[in-house]
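> sequence plus predicted model, see below.
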Amino acid sequence: MTQPSLATHEVFNQSPPFEDVDLFTVDRPLVEAVRANGGAAAERELSAFGTQWGSAAMADRGRLANENTPKLRTFDAKGNRRDQVEFHPAYHELMAHSAHAGVHNSTWTASGKPAGDAAEVIRAAKFYMAAQVETGHLCPITMTRASVGALAMQPDLLARVMPVLATKSYDPGFAPWWGKRGMTLGMGMTEKQGGTDVRANMTRAVRDGDAYRITGHKWFMSAPMCDAFLVLAQAEQGLTCFFMPRFTPDGSINAIQFQRLKDKLGNRSNASSEVEFTGAYAERVGEEGKGIRTIIQMVQLTRQDCAIASVGLMRSGLAHALHHARHRSVFQKHLADQPLMQAVLSDMALHVEASTALVMRLCRAFDRTPHDTGEAAYMRLLTPAIKYWTCKSAPPFLFEAMECLGGNGYVEDGILARHYREAPVNAIWEGSGNVMCLDVLRALSREPDAATTVLQALAADTKGLPGAGEAAAFIGKTFRRTDGEQIARLAVEKLALLAAAAALNGVSPRQAELFAATRLAADHASMYGAVELGSGDVRALLERALP
């Protein structure tokens, strides 16, 4: 018997899913930014990655990994302490695809040295695309990649770890790291009483032969199923960095006891734990008392990834909003042809284009830092400023993207609600906004000559752009003030905007002129779409964003 037709259930005037696309070639600002920063030779590789991650199958994995959140299994059926976290298979598939593409290690050689050439730029393009699909699994990916920067302070340990870390295999098995096909590393710094002030840490490390035994806690330790962690603890000479594996050298489970998993706003596919160490085995990384200096090598790289992921989230929000507006009709026109919607979308596209150029320019500095003092100074001064601006920009941007879809953007059936919940973590993790501003001030005070050189280079790269000269003068004047901390946020934001204009000028001078005119020469309105752009510029921005 045939079912009666339901006349009210006919679906029309809805956009098709934005999937089965090449996330690289469809993103002209990304292609041009990668090319401008030395990554042109990898375009075929990046297109293959973009096609895979832009598929409907990958989108479905991202959805499943977030709908089926991790579960903590403290004991096995016989009462033995295990402290294992179970994940949905989709999470493991995402991890495997990222590892296979080298997102967790491709910026290093097999011996743990910087890979050079454009490795940072190429890897960043992959990270940016993966963030558009599922950001939670990128937490252990990012920490694994960044851990090598800290492990380099202990060459003998790095030499033992790299043969496993350098593979492109993902091995989710719960077993000692030295016997696995591949490994991941996490980190644990913050404690209940300290948070950002890690010098207030109370976790203690006591020497035990060539190793240490650590007793204490961490209030926030993400990715607890990593094979090892870099943690901070107080040793005899002061705060020290340690390598703490899940298994001790004799193969027994280390005394790392997870108290619970955090119930987070977003980042839900990724497990984050509260943990107690009850005499846990660990090896020292770097000198005793030099823990912050050691782990900051890792933190700088994770901050870089926070910025890249935030821009990736904004790019995804823009792409979904523009795709929807081109298929949705309202008042006898496609939504994308309505003047107010064009104003909103083009303003958003300009923001994403500048942000993309900026993070790729930052990654070029990371590539060149080992042999270029100017690029090293750019990296040290601009990393916290760029993290500040891009990560702070993402939540309101994604709210605007959701509004472009109306109710369809607000419901969990689509990806934008998840992006919106995900966005704040990048601003909070690895140093909140105030910490980023203080780090910029610290870089200025420690290396005033190098900072001056960077500012002069930015001024030269933006010469002739509207408002750029005035912005550069304001930044220099503000940073020389004795009470600079009180207005540091304004100065750091101006610094990021100037750097974005400079980066964009090296990719697309016309877009750089528009960006400078609307962000430097005038205060940008708090709402997108409140700037006036010519009709030709509007069309060009939207076509560049999504053909």
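Arrived safely.
> CA atoms for contacts and neighbours, from now on please.
OK.
> buried residues of stretch 513-522, list them for me.
By 16 or more other CA atoms under 10 Å, the buried positions in stretch 513-522 come out as Glu513, Leu514, Phe515, Ala516, Ala517, Thr518, Arg519, Leu520, Ala521.
> can you check stretch 77-86 too?
Counting neighbours by 16+ other CA under 10 Å, stretch 77-86 gives Arg82, Asp83, Gln84, Val85 as buried.
> cool, and stretch 407-416?
Asn408, Gly409, Tyr410, Ile415, Leu416.
> give me the phi and psi for the fourth one.
Put plainly, it is Ile415. As for Ile415, its main-chain torsions (degrees, to the nearest 10) stand at phi -90, psi -20.
> repeat that for the last one.
Dihedral angles phi and psi of Leu416 (degrees, to the nearest 10) take the values phi -70, psi -30.
> so for it, what's the pLDDT?
With respect to pLDDT, Leu416 scores 97.
> just the first one next, same as before
Reading off the confidence values, Asn408 has pLDDT 92.
> helix, strand, or coil at Arg260?
Secondary structure for Arg260, judged by DSSP: H, G, I helix; E, B strand; the rest coil, is strand.
> quick check: it touching Pro70?
No. If you go by CA atoms under 8 Å, Arg260 and Pro70 don't touch, sitting 11.2 Å apart.
> more neighbours: which of the two?
With neighbours defined as other CA atoms under 10 Å, Arg260 and Pro70 compare such that Pro70 has more, 19 against 16.
> for the stretch 301-450 of the chain, which segments count as helices?
Here the stretch 301-450 of the chain has its helices, by DSSP state H, counting those that start in this stretch, at 339-368, 373-405, 407-410, 416-422, 424-428, 433-446, 448-461.
> right, I mislabeled it, should have said the stretch 51-200 of the chain
Using DSSP H, counting those that start in this stretch, helices in the stretch 51-200 of the chain cover 56-67, 89-100, 119-131, 138-151, 155-165.
> tell me the average confidence for stretch 372-384?
Stretch 372-384 comes out at a mean pLDDT of 97.
> let's see that stretch as CSV, backbone CA atoms only.
What follows is stretch 372-384 as a C-alpha-only set of coordinates in CSV (Å, rounded to 0.1, in the frame of the first residue of the first chain):
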residue,chain,number,x,y,z
ASP,A,372,66.9,34.9,10.0
THR,A,373,67.1,37.1,13.1
GLY,A,374,64.5,39.5,11.7
GLU,A,375,62.0,36.7,11.2
ALA,A,376,62.7,35.4,14.7
ALA,A,377,61.9,38.8,16.1
TYR,A,378,58.7,38.9,14.1
MET,A,379,57.7,35.5,15.4
ARG,A,380,58.4,36.4,19.1
LEU,A,381,56.6,39.8,19.0
LEU,A,382,53.7,38.9,16.7
THR,A,383,52.7,35.4,17.9
PRO,A,384,50.9,36.6,21.0
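> that one: which residues count as buried?
Gly374, Glu375, Ala376, Ala377, Tyr378, Met379, Arg380, Leu381, Leu382, Thr383, Pro384.
> neighbours of the residue nearest to the third one when sequence neighbours are not counted, just the number please.
Of all residues not flanking Ala376 in the chain, Thr369 sits nearest, at 4.3 Å (CA to CA, 6 or more residues apart in numbering). Here the number of neighbours of Thr369 (other CA under 10 Å) works out to 19.
> surely Gly182 is in contact with Asp171?
Yes. If you go by CA under 8 Å, Gly182 and Asp171 touch, sitting 5.4 Å apart.
> of those two, give the one with the bigger neighbour count.
Neighbour totals were compared for Gly182 and Asp171, and Gly182 leads with 21 against 18 (other CA under 10 Å).
> tell me the contacts of the more buried one?
Val164, Leu165, Ala166, Thr167, Lys168, Ser169, Tyr170, Asp171 (CA atoms under 8 Å, 6 or more residues apart in numbering).
> who's in contact with the nearest residue to the fifth one once chain neighbours are set aside?
Translated: Lys168. Distances taken as CA to CA, 6+ apart place His100 nearest to Lys168, at 4.7 Å, with adjacent residues excluded. His100 makes contact with Lys168, Ser169, Tyr170, according to CA under 8 Å, 6+ apart.
> parallel or antiparallel, which strands does the top strand by length along the chain pair with?
Scanning the chain for the longest strand, with DSSP state E as the assignment, gives strand 272-285. Strand 272-285 sits in its sheet next to strand 211-222 (antiparallel), strand 238-245 (antiparallel), strand 256-261 (antiparallel), going by DSSP bridges.
> now do the buried residues in it.
Result for strand 272-285 [16+ other CA under 10 Å]: buried residues 272-277, 279-285.
> list just the nearest of those residues to Ala530.
Ser272 (39.3 Å; CA to CA).
> quick one: strands adjacent to the helix or strand bottoming out on mean pLDDT in the chain?
Least confident helix or strand of the chain, by mean pLDDT, DSSP states H and E, is strand 329-330 with a mean of 81. Applying DSSP bridges, strand 329-330 is found paired with strand 333-334 (antiparallel).
> turn the buried residues of stretch 513-522 into JSON lines, including pLDDT.
Shown next, in JSON lines, are the buried residues of stretch 513-522 (pLDDT from 0 to 100):
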{"residue": "Glu513", "pLDDT": "98"}
{"residue": "Leu514", "pLDDT": "98"}
{"residue": "Phe515", "pLDDT": "98"}
{"residue": "Ala516", "pLDDT": "98"}
{"residue": "Ala517", "pLDDT": "97"}
{"residue": "Thr518", "pLDDT": "97"}
{"residue": "Arg519", "pLDDT": "97"}
{"residue": "Leu520", "pLDDT": "97"}
{"residue": "Ala521", "pLDDT": "96"}
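> a markdown table for these, including secondary structure?
What follows is the buried residues of stretch 513-522, written out as a markdown table (three-state DSSP):
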| residue | secondary structure |
| --- | --- |
| Glu513 | helix |
| Leu514 | helix |
| Phe515 | helix |
| Ala516 | helix |
| Ala517 | helix |
| Thr518 | helix |
| Arg519 | helix |
| Leu520 | coil |
| Ala521 | coil |
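> tell me the one among the residues you listed nearest to Arg123.
Phe515 (26.3 Å).
> the buried residues of strand 272-285 into TSV, with extra columns for distance to Gly149 and pLDDT?
As requested, the buried residues of strand 272-285 are arranged in TSV below (distance: CA to CA, whole Å; pLDDT from 0 to 100):
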residue	distance to Gly149	pLDDT
Ser272	22	96
Ser273	24	97
Glu274	25	97
Val275	24	97
Glu276	26	97
Phe277	24	98
Gly279	26	98
Ala280	23	98
Tyr281	22	98
Ala282	18	98
Glu283	16	98
Arg284	15	98
Val285	11	98
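> so which of these is the closest to Leu541?
Ser272 (39.0 Å).
> how near is the residue nearest to Ala376 to Met244?
Distance from Thr369 to Met244, counting by CA to CA, to the nearest Å: 29 Å.
> now Lys218
For Lys218 relative to Met244 (CA to CA), the value is 13 Å.
> thinking again about what came up before, can you put the contacts of Gly182 in a markdown table and add pLDDT and distance to Glu485?
Output for the contacts of Gly182, formatted as a markdown table (pLDDT from 0 to 100; distance: CA to CA, whole Å):
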| residue | pLDDT | distance to Glu485 |
| --- | --- | --- |
| Val164 | 98 | 44 |
| Leu165 | 98 | 41 |
| Ala166 | 98 | 42 |
| Thr167 | 98 | 44 |
| Lys168 | 98 | 44 |
| Ser169 | 98 | 46 |
| Tyr170 | 98 | 44 |
| Asp171 | 98 | 46 |
